[in-house]
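just a sequence and a predicted model for now, questions to come.
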Amino acid sequence: MLRRLLASAHMPAIPNPVIPGFHPDPSVCRVGDQYFLACSSFEYFPGVPVFRSSDLRAWEQLGNALDRPSQLKLATAPSSGGVYAPTLRHHRDRFWLATTNSWDRGHLIVTAEDPAGPWSDPVIVELPGVDPDLAWDTDGTCWFTYSVFGDGILQAPIDPYTGKVLADPRRVWSGTGLAYPEAPHLYRIGDQWFLLIAEGGTERGHGVSVARGPAPGGPFEAYPGNPVLSHRSTSRPVQNTGHADLVQAADGSWWMVLLGVRPLGASPAFHVLGRETFLTPVRWVDGWPVPEPVAPDPAPVAFGTRDDFDHPTLAPAWLSIRRASTEAGSLTARRGWLTLFATGDSLDGSRPAFVGRRQQHAACRVRARVDAGAGRGGVVVRLDERHHFEIETNGEEAWCHARIGPLAQRLGSGRVDRGPVVLYVEVEPAPASFGTIGVPPDRIRFGFEPDRGGDRTCLAELDGRYLSTEVAGGFTGRVIGMYAASGTVAFDWYEYAST
């Protein structure tokens, strides 16, 4: 069925995940022949990455909707706290984005004429919960639909320009009775209103369910085959499928973006890249949108990127922890280098001097040229404050360090030449066979190379399961980046490549 549908639409195979790595909770809209998508970002700054595509398959990051401290305050947000799921819509020649910063002011709405920005300062919607959705009725009423733990899916009319709630919230359809009804998206399609939600929790039981009714508030009739999409209790390589959004393409076909994970290793299997954005076609059956199961790309394309830090600002894919990168680093202190200034907060703390990018591939290599002559720092693979592996140098020696919950261990070390040194991280999936116990999802190697060439030195190889969601918990994925632990540490370039 999938091949027939793709052939009839004259579309190429889907390169799933279409946005790999830690890009959860996707929301999508179409304007003309262009598509725009936004994702969650949690404790990382800037918040809510925004993407553009002409075909729903290849996505370019335009910027971030919350890229100014006046828009986004994360100082008190724990790991996997902060900015939760967004909804992105286009209405009256403007882009509207609703999301939740649950550790600051709750629900917020920002707008922009250009999705690349600038986005407005937020207006606040004083309602509880997470996962806000925006939908407009034909009379102009803006319906704000959201999820509250323990209460299900609620809805109220609001003024989206001011955030004012115009009537008391009321409960609407909250799914089939599975745990954690969340992620509501409301659509008017033809003469019916459709309410799409996630339920079952964002782990292996995750699924997508749908109902329809004559009005934004229902009454809603549930699809008799709910969940309309779930990979639970299957051997499919993509799991945790849910938190979906619908979009109609310019050619009239329908599609669904949703999150999923790619577990690796032996039972219980571990996902390390976080929840990623996938795409699947939707067919209409008896008036219901029915998505196809999600299939991974059988032939992923090699990917590589390098940043020489010779631009006045960092590219939008770079992330810092709970604050702007400009608070801990500079691109002008040393021309052509990213200089980080240690803050006294280590990688175990809430606001380290850190700049990184999401790990997006199961097999990858990161290299960075580091000058730690006036400090101490290096390259880290981070999941949160209590789960990170790093290679560090002080300009004379390099060593590895592992933090796993309450345990911390310094590992192999080696002498390095004075001056810059190239530090590297390699991630390689571990082979697993059915019935094998104790096989990790991957192995992570750390080492260094002499700046002027020569033999590489591997200092440590670590079990990647300890940087997985199944061990650490939470909603994010790995981010690999540069940091300063003390003093001043400069980085000449950073390379990331799938292998």
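Yep, it's here.

tell me, how many neighbours does Y496 end up with?
23 (other CB atoms under 10 Å). From N, CA and C alone the C-beta is placed, and that goes for glycine too.

quick check: which element contains it?
Per DSSP states H and E, Y496 falls inside strand 479-498.

sheet partners, orientation included, of that strand?
strand 304-307 (antiparallel), strand 338-341 (antiparallel), strand 353-358 (antiparallel), strand 364-384 (antiparallel) (DSSP bridges).

most tightly packed of the ones you listed?
Neighbour counts averaged per stretch over the strands paired with strand 479-498 are highest for strand 353-358, at a mean of 25; criterion: mean count of other CB atoms under 10 Å.

rewinding a little: including mean pLDDT and distance to T138, could the strands paired with strand 479-498 go into a markdown table?
Shown next, in a markdown table, are the strands paired with strand 479-498 (pLDDT from 0 to 100; distance: least, CB to CB, whole Å):
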| stretch | mean pLDDT | distance to T138 |
| --- | --- | --- |
| strand 304-307 | 96 | 45 |
| strand 338-341 | 97 | 51 |
| strand 353-358 | 98 | 40 |
| strand 364-384 | 96 | 45 |
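
turn these into a markdown table, including distance to V257.
Output for the strands paired with strand 479-498, formatted as a markdown table (distance: least, CB to CB, whole Å):
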| stretch | distance to V257 |
| --- | --- |
| strand 304-307 | 23 |
| strand 338-341 | 33 |
| strand 353-358 | 17 |
| strand 364-384 | 24 |
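
out of the ones you listed, nearest to G150?
Of all the strands paired with strand 479-498, it is strand 364-384 that lies closest to G150, at 25.9 Å by CB to CB.

between the strands paired with strand 479-498, which one is nearest to T162?
strand 353-358 (34.9 Å).

how far away from the center of its chain is that closest one?
Averaging C-alpha positions (CA atoms, centre = their mean, to the nearest Å) puts strand 353-358 14 Å from its chain's average.

need the residues that contact it.
21-23, 273-274, 314, 317-321, 325, 328-329, 338, 340-343, 345, 347, 377, 380, 382, 477-484, 489, 494, 496 (CB atoms under 8 Å, 6 or more residues apart in numbering).

mind listing what R386 touches?
D348, R403, I404, G405, P406, A472.

Y466 belongs to a helix?
Yes: counting by DSSP: H, G, I helix; E, B strand; the rest coil, Y466 is part of a helix.

that one reaches R403, doesn't it?
No: contact criterion CB atoms under 8 Å: Y466 and R403 do not qualify, at 9.0 Å.

for the record, mean pLDDT for the strand holding Y496?
Strand 479-498 carries an average pLDDT of 97.

and the buried ones among the contacts of R386, selectable in PyMOL?
In PyMOL, this line selects whichever of the contacts of R386 come out buried by 16 or more other CB atoms under 10 Å:
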select buried, resi 403+404+472
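
which one of the contacts of R386 is nearest D137?
Distances from D137 to these, taken by CB to CB, are shortest for A472, at 42.6 Å.

okay, now the unreliable bits of this structure?
Applying pLDDT under 70 to the chain flags residues 1-12, 432-436.

mind listing the helices for it?
Secondary structure of the chain, counting by DSSP state H: helices at 2-8, 469-472.

residues contacting S209?
By CB under 8 Å, 6+ apart, the residues touching S209 are G175, T176, L178, L196, I197, A198, E199, A222, Y223, N226, P227, V228.

and what of V228?
Here V228 is in contact with G207, V208, S209, V210, W288, P289, V290, P291 (criterion: CB under 8 Å, 6+ apart).

now, which of the residues you listed sits nearest P157?
V210 (22.5 Å).

A315 contacts D308, correct?
No: with contact defined as CB under 8 Å, A315 does not count as touching D308 (11.3 Å).

how about the strand holding Y496: buried residues?
If you call a residue buried by 16+ other CB under 10 Å, then strand 479-498 has these buried ones: 479-496, 498.

and for stretch 252-268?
253-266.

D371: which of those residues is nearest?
Looking at the buried residues of stretch 252-268 and their distance to D371, the nearest is L264, at 35.2 Å (CB to CB).

quick check: the closest one touching A430?
Yes: with contact defined as CB under 8 Å, L264 counts as touching A430 (7.4 Å).

give me the common contacts of those two.
P441, D442.

about what we covered before: to S54, which of the strands paired with strand 479-498 lies closest?
strand 304-307 (20.7 Å).

separation between the closest residue in space to S325 that isn't next to it in sequence and Q71?
With CB to CB, 6 or more residues apart in numbering as the criterion, S325 has its nearest non-adjacent residue at 5.1 Å, and that residue is V355. Computed as CB to CB, to the nearest Å, the V355 to Q71 distance reads 19 Å.

repeat for E292
From E292 to Q71 the distance is 37 Å (CB to CB).

more neighbours: which of the two?
Neighbour count, other CB under 10 Å: between E292 and Q71, Q71 has more, with 20 against 16.

give me every residue that touches the more buried one.
G47, A65, V110, W119, D121, P122.

and the furthest pair within these?
G47 and D121 (13.3 Å).

neighbour count winner among these two?
Using other CB under 10 Å as the criterion, G47 and D121 rank with G47 on top: 25 against 12.

that one contacts L72, correct?
Yes: here G47 lies in contact with L72, judged by CB under 8 Å, at a distance of 4.8 Å.

overlap in contacts of the two?
L66, V83, N101.

between the residues you listed, which is nearest S413?
V83 (38.0 Å).

what's the residue nearest to that closest one when sequence neighbours are not counted in contact with, if anything?
Spatial nearest neighbour of V83, excluding adjacent residues (CB to CB, 6+ apart): G47 at 4.4 Å. Going by CB under 8 Å, 6+ apart, G47 touches S41, N64, A65, L66, D67, Q71, L72, L74, G82, V83, T99, N101.

please name the bridge partners of G47.
According to DSSP bridges, beta-bridge pairing links G47 with L66.

let's have the chain start at 20 instead
OK, 20 is where the count begins now, so the last one is G66.

list the buried ones in stretch 345-364?
Neighbour-count burial for stretch 345-364 [16+ other CB under 10 Å]: A347, G348, L350, W356, L357, T358, L359, F360, A361, T362, D364.

for stretch 298-316, same thing?
L298, T299, P300, V301, W307, P308, V309, P310, E311, V313, P315.

give the bridge partners for the fourth one, please.
Taking DSSP bridges as the rule, V301 bridges to W273, P310.
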